[in-house]
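> Kindly return the folded structure for what I paste below:
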Amino acid sequence: MEVSKPGYLSKMFSHMVMPLLQLGCDSDQIVHQLYHPLMLQLAHWYSSAVQLGSVHTQILIDTLMDGITHPTDTALRDYSAKCLREFVIWSIKQSRAKDLEKSQTNIKAVLKKMFSLCVHPCPTKRLGNYSIPKIFN
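Below you'll find the model as predicted:
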């Protein structure tokens, strides 16, 4: 396994995020207590100005949207919405006022994904999109 390849960490991160998300909403209490706060902290970290517009931030947003629109796992849908809500809140919280006026990269990325889900041909994707207003309350 060669770590120096470009995109290696991004590929590894994309393979890790969904299982971490699933473990964060696991019914086993011990697993839940370990991974629930971890995913929320990842949402906080990738919403920071340091990670603004990074590939990993986009992977996290895509994975959270996939979780929100999961066809069968309701716990995953709810937890993904909670993580996305944390991501949006912390994106605003960690930005300076003048930065928010100029560029809301994280918020724009979330809204763009939401709008694309509204017209998605798959009905479960469109239905999953209805849980998203909880994020902005």
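> Does Trp90 touch His44 like I think?
Yes - assessed by Cβ atoms under 8 Å, Trp90 is found in contact with His44 at 4.8 Å. The C-beta positions use only the backbone N, C-alpha and C, and glycine is treated the same way.
> And the strand or helix carrying Asn106, what does it pack against?
For Asn106, the host element (DSSP states H and E) is helix 105-118. Applying 3 or more Cβ pairs under 8 Å, 6 or more residues apart in numbering; DSSP states H and E, one finds that helix 105-118 contacts helix 55-68, helix 74-93, helix 123-128.
> how far out from the middle of the chain is the helix or strand harbouring Val17?
Secondary structure assignment for Val17, by DSSP H and E: helix 8-24. Distance of helix 8-24 from its chain centroid, counting by Cα atoms, centre = their mean, to the nearest Å, is 11 Å.
> Any buried residues in it, and which?
13-14, 17-18, 21-24 (16 or more other Cβ atoms under 10 Å).
> Identify, from those residues, the entry nearest to Leu34.
Nearest to Leu34 among the buried residues of helix 8-24: Leu23, at 7.5 Å, using Cβ to Cβ.
> returning to that earlier point: orientation of the helix holding Val17 relative to helix 74-93 in degrees?
120 degrees (axes from the mean of the first three to the mean of the last three Cα atoms, to 10 degrees).
> Now helix 8-24 - C-alpha only, PDB.
C-alpha atoms of helix 8-24 as PDB (Å, rounded to 0.1, in the frame of the first residue of the first chain):
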ATOM      1  CA  TYR A   8      -4.900   8.100  -1.500                       C
ATOM      2  CA  LEU A   9      -6.100   9.700   1.700                       C
ATOM      3  CA  SER A  10      -9.200  11.000  -0.100                       C
ATOM      4  CA  LYS A  11     -10.000   7.500  -1.300                       C
ATOM      5  CA  MET A  12      -9.400   6.000   2.100                       C
ATOM      6  CA  PHE A  13     -11.600   8.700   3.700                       C
ATOM      7  CA  SER A  14     -14.400   8.100   1.300                       C
ATOM      8  CA  HIS A  15     -14.400   4.400   2.200                       C
ATOM      9  CA  MET A  16     -14.400   5.200   6.000                       C
ATOM     10  CA  VAL A  17     -17.100   7.800   6.400                       C
ATOM     11  CA  MET A  18     -20.200   5.800   5.700                       C
ATOM     12  CA  PRO A  19     -19.200   2.900   8.100                       C
ATOM     13  CA  LEU A  20     -18.300   5.500  10.700                       C
ATOM     14  CA  LEU A  21     -21.800   7.100  10.200                       C
ATOM     15  CA  GLN A  22     -23.500   3.700  10.500                       C
ATOM     16  CA  LEU A  23     -21.600   2.900  13.600                       C
ATOM     17  CA  GLY A  24     -22.600   6.300  15.000                       C
END
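> Understood, closing this out.
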